[in-house]
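Chemist: this one's structure only:
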């Protein structure tokens, strides 16, 4: 607010309003110029202020921007300002004709009727402004907060006029009711976070209502020579503050000042504190009516705040329960995710195994054997030996005993080949009755012995349900020293050696590339 009142370049409209109101209020309070001059001047100034209010409101409407609710509010301000101005002009004329009549100072029937109509129109626009509250719990907490503030305002207002209750109920209550209604609508909108005006605009508006309530309270008991100047000063100030509020909103609109909506408001707690201050002051003054009002207000505000806290505790408990549920669901989801990942890994491993292994025998298939052979040939400093094993007379087993028996022979052959080599060697089924063995790194002295073991193992009968089946094996062996032949050439040499055995009588092994063997060390024959 201090930044608005003391900017680096003072706003001329705001400065004129504040300086003019202060000067006129001081002049009225001093009682200078006589009753007639004071009354006419005061109402003329009020009319001028409402004319400025009308111009400012029209400017806000023409400026545009913002949600529809804001446009509706400022259009209502335009209507209210026009009605106020009409009442003020009627009051200026009436005051000029009969300045010494009581109605000339307090307001004649026309002025009061138009003032009430404009205020009702503006109040309706404020009360019906949307709150932006989505759930029933939010609305319940919000109305508890508003009720707390309104009760505190009512208690303070009643305490201020309790001594004047004998002047007439309606006259006595007019000021406090105005204050309570104003506090209600402003608190309602400010605490909802959807007010069509800025926070400072709302606070200045409440101050205007408070000053007007004080003026009405003072006027309810009749205006003597001492009360009239103060009443006029308060009246002028209250109407001027309403115009100041609109100008403040233009200088610092809601979009520039509104922050993210907080989940709580300190205003209800400040209202409770105000009722206890009122009660304390009444007790110290030994003011029995004030004590009753303060006690009732404090008790009711405390009850409302307690209800608000209970609602907050229930919401917190509900949120904690929901949080526990979400955490449990999250843990369950994590467990399910872990199971899914484990199943995925297992499936991936299974698919990889199926992609690189023979389904019948469980040995490596051609793809895995080729991959390992290529890697062995590319490795620096390692020699490689490849054996191609082709079963002899396997077709006779299939024809005589059936494919089931043939599959059993293939599985048993796979087991025997695996038993003939080292753990680090690779045994693969290339397809049909053809197998391959990769020895890496080979020891030349052991290669022929390994080939001989394979031939001997394959000659052993395979016991089947339909009888014994005997097959042999023709083995071709190819050797490549470090940096020697590639994998394709090595397989071709082993294949030629294997077919040489086939054509030479089967059931034996042959070594391809004798020069390579001599370089590495001749194996035993």
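Modeler: Nice, I can see it. The structure displayed is predicted, hence computed values, not measured ones.
Chemist: For stretch 393-402, the averaged confidence score.
Modeler: The average pLDDT within stretch 393-402 is 87.
Chemist: Give me the contact list for that stretch.
Modeler: Contacts to stretch 393-402, defined as C-beta atoms under 8 Å, 6 or more residues apart in numbering, come from residues 405-406, 409, 433, 464, 466-467, 469, 471-472, 506. Glycine gets a C-beta too; all of them are placed from N, C-alpha and C.
Chemist: can you redo those residues as JSON lines with distance to residue 446?
Modeler: Listed next are the contacts of stretch 393-402 as JSON lines, based on distance: C-beta to C-beta, whole Å:
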{"residue": "405", "distance to residue 446": "33"}
{"residue": "406", "distance to residue 446": "31"}
{"residue": "409", "distance to residue 446": "27"}
{"residue": "433", "distance to residue 446": "25"}
{"residue": "464", "distance to residue 446": "32"}
{"residue": "466", "distance to residue 446": "37"}
{"residue": "467", "distance to residue 446": "35"}
{"residue": "469", "distance to residue 446": "30"}
{"residue": "471", "distance to residue 446": "25"}
{"residue": "472", "distance to residue 446": "22"}
{"residue": "506", "distance to residue 446": "24"}
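Chemist: Apply the buried test to the residues you listed and list what passes.
Modeler: With neighbours counted by 16 or more other C-beta atoms under 10 Å, the contacts of stretch 393-402 contain buried members at 405-406, 409, 433, 464, 469, 471-472, 506.
Chemist: for these, which one is nearest residue 450?
Modeler: Nearest to residue 450, judged by C-beta to C-beta, of these is residue 472 at 16.8 Å.
Chemist: picking up where we left off before, CSV for the buried ones among the contacts of stretch 393-402, including secondary structure, distance to residue 441 and pLDDT?
Modeler: Listed next are the buried ones among the contacts of stretch 393-402 as CSV, based on DSSP: H, G, I helix; E, B strand; the rest coil; distance: C-beta to C-beta, whole Å; pLDDT from 0 to 100:
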residue, secondary structure, distance to residue 441, pLDDT
405, helix, 38, 90
406, helix, 35, 91
409, helix, 31, 93
433, coil, 28, 93
464, strand, 38, 86
469, strand, 35, 88
471, coil, 31, 92
472, strand, 29, 92
506, coil, 30, 89
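Chemist: can you map out the strands along this protein?
Modeler: 384-392, 426-431, 434-439, 462-464, 467-469, 472-480, 509-512 (DSSP state E).
Chemist: Nearest to residue 30, out of those?
Modeler: Proximity to residue 30 (C-beta to C-beta) singles out strand 426-431 among the strands of the chain, at 114.7 Å.
Chemist: Run a quick neighbour tally on the residue nearest to residue 419 when sequence neighbours are not counted.
Modeler: Distances taken as C-beta to C-beta, 6 or more residues apart in numbering place residue 457 nearest to residue 419, at 7.1 Å, with adjacent residues excluded. Using other C-beta atoms under 10 Å, residue 457 is surrounded by 16 other residues.
Chemist: Just the pLDDT for residue 457.
Modeler: 95.
Chemist: what's the neighbour count on residue 339?
Modeler: Residue 339 has 10 neighbouring residues, counting by other C-beta under 10 Å.
Chemist: Local confidence estimate at it?
Modeler: Predicted confidence (pLDDT) for residue 339: 91.
Chemist: How about residue 19?
Modeler: 90.
Chemist: low-confidence ranges in the stretch 151-300 of the chain?
Modeler: Applying pLDDT under 70 to the stretch 151-300 of the chain flags the ranges 151-196, 217, 219-225, 254-298.
Chemist: ok, back up a step: tell me which of the strands of the chain lies nearest to residue 502.
Modeler: In terms of C-beta to C-beta, the element of these nearest to residue 502 is strand 472-480, at 4.9 Å.
Chemist: so that closest one versus strand 384-392, what angle?
Modeler: Note on geometry: by axes from the mean of the first three to the mean of the last three C-alpha atoms, to 10 degrees, strand 472-480 and strand 384-392 are set 160 degrees apart in direction.
Chemist: which neighbours does strand 472-480 have in its sheet, and in what orientation?
Modeler: Here strand 472-480 is paired, per DSSP bridges, with strand 384-392 (antiparallel), strand 509-512 (parallel).
Chemist: Give the full set of residues in contact with residue 366.
Modeler: With C-beta under 8 Å, 6+ apart, residue 366 has these contacts: 428, 430-431.
Chemist: Correction: the previous question concerned residue 473.
Modeler: 389-392, 413, 454-455, 458-459, 507 are the contacts of residue 473 under C-beta under 8 Å, 6+ apart.
Chemist: Residue 413 contacts residue 435, doesn't it?
Modeler: Yes: counting by C-beta atoms under 8 Å, residue 413 does reach residue 435; the two are 7.0 Å apart.
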